[in-house]
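Student: Below is the sequence, then the predicted model.
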Amino acid sequence: MVSNVSILEEKINIHTNYDITLLSPIKCGGKVKYITFPSTLDEVIESIKFSKQNDLKLFILGGLTNTLVLDSGLDGLAISTKNLKGITVKDDVISAKCGESLSHVIQSAINNNLSGLEQLSGIPGTIGGALKGNAGSYNKAISDIFYSAEIVLPDLSIKKIYNSDDLFSYRASNLPKDSFIYSVSLRLNKVDDNKPLIKQREEYILKRKEVGQYDKPSLGCVFKNPTPLSAGLLIDKCGLKGLSYNGAVVSESHANFITVEKNTTANSYLTLANKVREEVFKRFGITLDYEINIMGQN
Ligand SMILES: NC(=O)C1=CN([C@@H]2O[C@H](COP(=O)(O)OP(=O)(O)OC[C@H]3O[C@@H](n4cnc5c(N)ncnc54)[C@H](OP(=O)(O)O)[C@@H]3O)[C@@H](O)[C@H]2O)C=CC1
Ligand SMILES: C=C(O[C@H]1[C@H](O)[C@@H](CO)O[C@H](OP(=O)(O)OP(=O)(O)OC[C@H]2O[C@@H](n3ccc(=O)[nH]c3=O)[C@H](O)[C@@H]2O)[C@@H]1NC(C)=O)C(=O)O
């Protein structure tokens, strides 16, 4: 039972029954019971405190570019990181608050003659989400350049963590459970001339455009690759490109993408994704693991 809402509202603005479609790049999902949009560390801490005091499940929402919020919505408190912005550069280390877009961080790095992020150009989402999921493409992952992060632990203490051998794996990080990533620092390589970096960034973005990755809204790859195989290749071999359900469609450009038409529901996306999973299992005996995060009850 939530109490003291009005008292806490003096410190943080809490919105109720907030429509997730307003935040989701695929414009689907239900409502979240409570949501805050902190812009300072204090407000983050107040938000977490509020969820604890009122026994609310806590959800952390970055750009939602890799998250499917189901139509039943979220019964708890969500913290959106969209107002946690700011980038600083010191020597070869670039630091950003968790809500900065990855693309903005890459642009700032290049402007400051720092190399090492170019391969990630074109990946949507925030730097917080990228760290949590150890984002990567073209043989480069966040783990390769991670220096440190400031995190808020569930007991509300703030901890600085540094890179270590067991912190990352393929598309996953092993941060302390339920921690909130407040800021991320990456160690890059200083270069004299940033023109080649600008060119590489453009080329990687063009590569994604050419294969149609931006043509229709999607959450990127739905499934992790069952190493050493490729989920996209397996789905393609099952002949599933173009398969659709209520406006959710297995992309013709890349079989591991599901695109969404207007008014598609999150549950339709999930129904289609589960169907794809079943077909791949039937044909190859391989169970694909979700790469996207699924939030809410089905
Ligand atoms: N390669 C590609 O083309 C694509 C890659 N992606 C990757 O997915 C990432 C998704 O980013 P984004 O859209 O911002 O994230 P999302 O809002 O999709 O959140 C993804 C997960 O990250 C966690 N998270 C996000 N921000 C924080 C934070 N500040 N502290 C702790 N946990 C956090 C949440 O985990 P929890 O479950 O713990 O709440 C959430 O479930 C992108 O940056 C990109 O790396 C996405 C699409 C395409
Ligand atoms: C899109 C994402 O990340 C992408 C990242 O952009 C790219 C580029 O490095 O490499 C991964 O895709 P991927 O393994 O499918 O890479 P691709 O090069 O597109 O495909 C691998 C192989 O499958 C084949 N393939 C792919 C799709 C398809 O419909 N048909 C097909 O045959 C390709 O021809 C290629 O031989 C990441 N996906 C995962 C799950 O690791 C994401 O995380 O959302």
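Tutor: All right, it came through fine. Ligands and ions are numbered 1, 2, ... in the order given.

Student: which residues are contacting the helix or strand harbouring residue 273?
Tutor: For residue 273, the element it lies in under DSSP states H and E is helix 266-284. The contact list for helix 266-284, computed with Cβ atoms under 8 Å, 6 or more residues apart in numbering, reads 26, 28-30, 68-71, 222-223, 231, 234-235, 237-238, 240, 243-250, 258, 260, 286-288, 290, 294, 296, 298. The C-beta positions use only the backbone N, C-alpha and C, and glycine is treated the same way.

Student: so after that helix, what's the next helix or strand?
Tutor: Past helix 266-284, the next helix or strand by DSSP H and E is strand 293-295.

Student: residues touching the residue in the stretch 1-150 of the chain positioned nearest to ligand 2, list them.
Tutor: Relative to ligand 2, the nearest point of the stretch 1-150 of the chain is residue 137 (3.5 Å; Cβ to the nearest ligand atom). By Cβ under 8 Å, 6+ apart, the residues touching residue 137 are 119, 120, 122, 123, 204.

Student: The same query, at a cut-off of 7 Å, please.
Tutor: If you count contacts by Cβ atoms under 7 Å, 6 or more residues apart in numbering, residue 137 has them with 119, 120, 123.

Student: now the residue positioned nearest the centre of the chain, what's its secondary structure?
Tutor: Geometric centre of the chain, nearest residue: residue 129, 3.8 Å, by Cα atoms, centre = their mean. The three-state assignment at residue 129 reads helix, by DSSP: H, G, I helix; E, B strand; the rest coil.

Student: how near is it to residue 238?
Tutor: 29 Å (Cβ to Cβ, to the nearest Å).

Student: tell me which residues in the helix holding residue 273 are buried?
Tutor: Buried residues in helix 266-284, counted by 16 or more other Cβ atoms under 10 Å: 266, 267, 268, 269, 270, 272, 273, 276, 277, 279, 280.

Student: Would you mind listing what in the stretch 1-150 of the chain touches ligand 1?
Tutor: Within the stretch 1-150 of the chain, the positions lying close to ligand 1 (Cβ under 6 Å from any ligand atom) are 59-67, 81, 98, 102, 123-126, 128-130, 132-133, 135, 137.

Student: Poorly predicted segments of this protein, please.
Tutor: Residues of the chain meeting the criterion pLDDT under 70: 1-10.

Student: And the helices in it?
Tutor: 5-9, 41-53, 102-111, 127-132, 142-145, 195-210, 231-237, 266-284 (DSSP state H).

Student: any idea how far the last one is from the chain center?
Tutor: Looking back up the chat, that one is helix 266-284. 21 Å (Cα atoms, centre = their mean, to the nearest Å).

Student: Kindly report the same for the fourth one.
Tutor: The chain centroid and the centroid of helix 127-132 are separated by 6 Å under Cα atoms, centre = their mean.

Student: near ligand 2, anything from it?
Tutor: No. Using Cβ under 6 Å from any ligand atom, we find that helix 127-132 stays clear of ligand 2, coming within 10.2 Å at best.
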